[in-house]
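J.: model this:
(one chain, ligands or ions: 1)
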Amino acid sequence: MAPRAGTKRKAKHSPSSSAKKVKTVHLTADDLPWKSVSRPKEADLGDGFDGLLELEEVEDVEVVYEETDAGRVVRFKVKEDALSNDAVSVEAHEAEEEGDGEYDNPPDEEEVIDPLNFKPSTSAQASASTPPPVPSTPLLPPVGNTTLDSETLLPDWHPFSLHPLLGRALYAQKFSKPTPIQAQALPLALKGKDIVGVAETGSGKTLAYGLPILHHILTEAISRTSSTQAHDAPKSRRRLRALILAPTRELALQVSSHLNACLETVDSHSSEGGKGADEEAKEDNGEETRVVEEAGKPNAKGKGKDNGRGTGRDNQKDKGKGKQRKDLRIAQAATRSKAPPLVSVAALVGGMSAQKQRRVLARGVDVLVATPGRLWDIVQGDDLLADEIAQLRFLVLDEADRMVETGHFAEMENILRLTLRQSKEDEIEPESEQATGLATAEDAEDSKEGIRAGELQTFVFSATLSKELQRNLKKKSGRLWKKKGGKPASTLDDLLERLDFRDPEPAVVDISPEGGVVATLQESKVECLTNDKDAYLYYFLLRYPGRTLVFLSSIDGIRRLLPVMDLLQVPAFPLHSQLEQRQRLKNLDRFKSTPNAVLLATDVAARGLDVPAVDHVVHYQAPRTADAYVHRNGRTARAMRRGFALLMCAPDERRVVRALLGSLGRQDEIPDMPVELYLLDKLKARVQLARQIDAAQHKVQKGKHEKNWLKEAAEAMEIELGESEQGSAPTKRQRKEADARVAGLKGKLRELLAQPLIAPGVSTRYITSGSVSIADEMLTGDYHENMVGLKKIAAGSDLAPAKKRKFKVKEEFEEWNGIGSYDIDGWRLPDNLQHDTRSDS
Ligand SMILES: Nc1ncnc2c1ncn2[C@@H]1O[C@H](COP(=O)(O)OP(=O)(O)OP(=O)(O)O)[C@@H](O)[C@H]1O
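T.: The predicted model follows:
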């Protein structure tokens with residue numbers, strides 16, 4: 001990366017100012033002491049925060065605009081009262097300066113002293129002395145100010161010997177034991193194996209690859225800090241150690257906050273050390289809690305006295321706990337001295353300020369979670385980042401199979417090309433300490449794990465990687481890349497062939513369920529005409545209140561359905577790739593925080609999104625691929641929770657659905673959802689009316705728009721409109737009539753919404769809802785059994801058992817194959833038939 005203009009400086013001191021020395025430093029805006037501040041949980045930050053996903057602030061900076069010969073220059077005056085009451089002032093120029101980087105006669109030479117907390121030689125150094133964001137203190141276990149006794153408190157995690165600070169994070173998040181994919185992947189990953197991991201949706205794959213990465217980097221960070229001085233902030237810029245690629249912005253952001261959630265506990269725990277002198281004094285006097293006592297004193301549990309004569313195992317254990325204590329103190333000391341976080345994880349996605357992202361990168365991050373498009377955009381102008389990617393320690397492809405579908409294949413391929421190491425036969429030179437800024441402890445750690453310095457460990461995870469692909473992966477070891485040369489790749493197989501697995505045989509951990517069905521998921525389907533889908537959806541939402549994610553195949557479909565849902569008073573929010581990123585996050589947050597909300601989404605939301613309380617998934621339109629069906633369903637029934645999926649199948653979708661089930665190897669039909677037809681009929685009338693209102697409103701809007709357009713075009717061309725042309729737009733009277741018609745229809749709908757939905761034969765005598773909208777109340781969770789004439793039940797509890805499928809799976813496969821539109825591995829349609837599947841990186 002080219003050095004930034006304006007970072008060199010010349011500080012002149014006035015010979016006469018002895019009491020108040022003067023120094024002015026010239027810097028770019030990037031060199032200001034920016035510090036990250038935590039983003040509020042809800043992304044709804046108001047209009048001033050367009051597209052910002054990470055916030056930074058800088059204090060005590062005055063922005064001054066100055067007219068100069070070279071044009072307008074922005075100056076940032078940094079003023080701060082130092083302890084000595086001397087003013088501190090630093091000037092930063094936004095305009096870049098040419099030449100040797102020295103400035104003549106800087107204007108404010110008289111007043112300045114050495115800036116505190118702002119070392120202006122590089123932005124990385126500036127940030128190193130910037131206080132880290134203050135993490136919120138989570139509810140921590142009652143183990144006092146020590147590391148966690150994982151053997152007792154987390155026995156299922158204990159055998160993995162994860163870093164004790166991670167143990168605390170797991171405990172704080174109540175992750176009492178590893179999920180199956182974590183239990184199987186962790187030992188392999190910690191040994192240094194490359195891994196292809198396949199496990200059902202919502203089964204904890206993020207931490208399956210995330211924990212080994214955090215463990216490694218945390219261990220490195222602690223040993224690096226201990227090898228220097230405990231309170232010193234790292235002297236050099238952090239070097240990128242892990243790159244995680246994800247197909248969508250939301251998923252990348254989610255992965256990054258999932259990892260940060262683990263680190264938050266690490267940092268807040270270490271900051272406990274700064275809580276009070278009392279606690280510190282106690283600690284220093286050896287009055288620490290049990291774990292520490294066990295390490296150096298008679299065993300508090302009374303399991304046997306050590307007195308220096310313990311067994312080898314005990315000694316080892318004690319040594320380990322002694323190390324834990326040392327690590328803890330280092331972490332505490334680092335935090336007390338306002339050092340940056342021990343491990344830094346950042347997200348790099350489209351839709352947010354690239355300048356800000358560059359600034360974050362310039363400071364250095366340990367783990368980068370990125371969408372390929374934005375990463376490639378930035379890498380092209382950032383040689384340092386490109387170098388770091390070439391020397392990564394970990395590479396992760398999350399939802400790899402989705403990334404080849406998204407139109408960002410080229411970027412992916414380019415990034416993967418950067419990660420390629422030299423030929424395996426070549427001896428890999430250990431990275432020089434000077435180049436990396438890391439202590440040799442890292443190499444020791446690497447060799448302990450069976451990874452040599454400079455080697456890359458690769459993890460590929462998804463809920464859907466075909467068996468054939470996994471077999472192919474086992475056979476390969478980077479040969480194909482060389483064979484195929486620059487030929488563009490097009491399938492997942494091609495992509496994975498381009499990965500530089502260091503293992504001749506990456507470990508394949510496949511614990512995906514048969515047929516792609518998560519055990520806690522109940523599926524059902526309803527066969528109906530396309531035109532009736534709105535009514536069936538409305539029926540479902542009223543009959544089974546809950547947070548519901550509705551998938552549609554096209555953005556137009558969402559645009560049509562949204563106003564209908566609004567008119568029916570259903571709290572629905574859209575999510576698709578044509579929305580601004582800020583709006584997407586806002587809608588996602590609203591969906592998370594509104595009870596019984598509905599998210600109308602394209603497949604942009606199908607992968608990876610982890611909204612814990614999604615009760616139902618509805619396939620308003622049948623998914624185009626078997627994988628999409630599995631991933632869409634995976635937004636519910638996560639982490640062993642119950643979930644329900646409804647597939648709406650129009651006559652023209654039957655074939656696709658049959659093929660889809662065939663591809664998943666399903667023997668059973670999806671059971672039909674029982675429908676109370678009297679209720680459906682009543683709801684159809686409401687839906688019909690809502691559609692009518694929407695169509696009428698649309699017409700009025702269109703009329704206004706057309707009239708304006710015609711008028712503006714005529715004015716621009718300086719022509720007068722003839723009578724007939726003017727007549728094409730509605731007159732004032734016509735508009736008034738249309739508005740009145742809409743108002744009348746709306747009134748009628750309001751009445752309908754307030755009417756009870758009574759089963760035939762149910763007396764209305766006891767119904768006392770008055771004019772309250774039943775639909776409204778039901779959607780906010782107040783189910784009216786009397787109104788509906790039906791008992792409240794959970795979706796799926798009234799399903800009949802699934803019937804066996806009549807046809808043979810094989811035939812289905814061949815039938816679908818005949819269309820010639822899918823390949824057996826990716827099971828996907830040609831790109832032109834896919835809607836809104838582009839990654840939005
Ligand atoms: N050991 C654990 N114990 C309990 N919950 C866990 C554990 N590990 C992860 N989780 C939680 O499980 C949920 C799902 O995890 P995650 O998003 O990693 O699943 P996934 O397998 O990647 O899903 P998908 O395939 O849909 O992307 C998250 O809310 C996560 O916090």
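
J.: who's in contact with V198?
T.: F461, S462, A463, T464, L465, Q470, V508, V509, D510, I511, S512 (Cβ atoms under 8 Å, 6 or more residues apart in numbering). (Glycine included, C-beta is placed from N, CA and C.)

J.: Which positions in the stretch 351-500 of the chain make contact with the ligand?
T.: Residues of the stretch 351-500 of the chain found near the ligand (Cβ under 6 Å from any ligand atom) are A463.

J.: Okay, strands next: where are they in the stretch 351-500 of the chain?
T.: Counting by DSSP state E, counting those that start in this stretch, the stretch 351-500 of the chain has strands at residues 367-370, 394-398, 457-462.

J.: Considering those strands, which stretch scores lowest in mean pLDDT?
T.: Mean pLDDT is lowest for strand 457-462 among the strands of the stretch 351-500 of the chain, at a mean of 92.

J.: now for that strand, which elements pack on it?
T.: helix 180-191, strand 195-199, helix 205-227, strand 394-398, helix 400-403 (3 or more Cβ pairs under 8 Å, 6 or more residues apart in numbering; DSSP states H and E).

J.: Alpha carbons only: can I get the last one in PDB?
T.: Presented in PDB, the C-alpha positions along helix 400-403 are these (Å, rounded to 0.1, in the frame of the first residue of the first chain):
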ATOM      1  CA  ALA A 400     -19.700 -21.900   0.200                       C
ATOM      2  CA  ASP A 401     -22.300 -23.400  -2.000                       C
ATOM      3  CA  ARG A 402     -24.300 -20.200  -2.000                       C
ATOM      4  CA  MET A 403     -21.300 -18.100  -2.900                       C
END
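
J.: Quick check: mean pLDDT of it?
T.: On average, helix 400-403 scores 78.

J.: for that helix, packing partners?
T.: Using 3+ Cβ pairs under 8 Å, 6+ apart: helix 400-403 touches strand 457-462, helix 492-497, helix 626-633.

J.: burial of the closest residue to the ligand within the stretch 301-450 of the chain, as a residue count?
T.: Residue of the stretch 301-450 of the chain nearest the ligand, by Cβ to the nearest ligand atom: E399 (6.6 Å). Other residues lying near E399 total 27 when counted by other Cβ atoms under 10 Å.

J.: on that earlier part again, same list (the helices and strands packed on helix 400-403) but as JSON lines, adding mean neighbour count.
T.: Listed next are those as JSON lines, based on neighbours: other Cβ atoms under 10 Å:
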{"stretch": "strand 457-462", "mean neighbour count": "26"}
{"stretch": "helix 492-497", "mean neighbour count": "22"}
{"stretch": "helix 626-633", "mean neighbour count": "26"}
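
J.: Could you identify which of these has the lowest mean pLDDT?
T.: Looking at the helices and strands packed on helix 400-403, the weakest mean confidence is helix 492-497, a mean of 66.

J.: tell me the contacts of E527?
T.: Here E527 is in contact with C649, A650, P651, R654, D672 (Cβ under 8 Å, 6+ apart).

J.: same thing with L689?
T.: Counting by Cβ under 8 Å, 6+ apart, the residues that L689 touches are L745, K748, L749, L752.

J.: Give me the buried subset of those residues.
T.: Buried subset of the contacts of L689 (neighbour count, 16 or more other Cβ atoms under 10 Å): L745, L749, L752.

J.: From these, which land in helices?
T.: Judged by DSSP state H, the buried ones among the contacts of L689 include L745, L749, L752 as members of helices.

J.: So which of those residues is the closest to D534?
T.: Of all these, D534 sits closest to L749, with 13.8 Å by Cβ to Cβ.

J.: From the ligand, how far out is that closest one?
T.: Noted for L749: a distance of 38 Å to the ligand, by Cβ to the nearest ligand atom, to the nearest Å.

J.: so the residue nearest to that residue when sequence neighbours are not counted is in which element?
T.: Among residues not flanking L749 along the chain, L689 sits closest, at 4.8 Å (Cβ to Cβ, 6 or more residues apart in numbering). Using DSSP states H and E, L689 falls within helix 677-716.

J.: Domain parsing of the chain, as residue ranges.
T.: 149-224+238-265+342-420+455-474+490-512, 515-675, 677-717+734-755, 756-800 (the TED database).

J.: can you tell me the average pLDDT over the last one?
T.: Here the mean pLDDT over domain 756-800 is 57, rounded to a whole number.

J.: same thing with stretch 675-693?
T.: 92.

J.: What residues sit buried inside it?
T.: 676, 679-680, 682-684, 686-687, 689-693.

J.: quick one: pLDDT of A189?
T.: For A189, pLDDT reads 96.

J.: got a list of what it touches?
T.: Residues counted as contacts of A189 (Cβ under 8 Å, 6+ apart) are I195, A208, Y209, L211, P212, Q457, F459.

J.: you'd agree G796 is in a helix?
T.: No - going by DSSP: H, G, I helix; E, B strand; the rest coil, the assignment for G796 is coil, not a helix.
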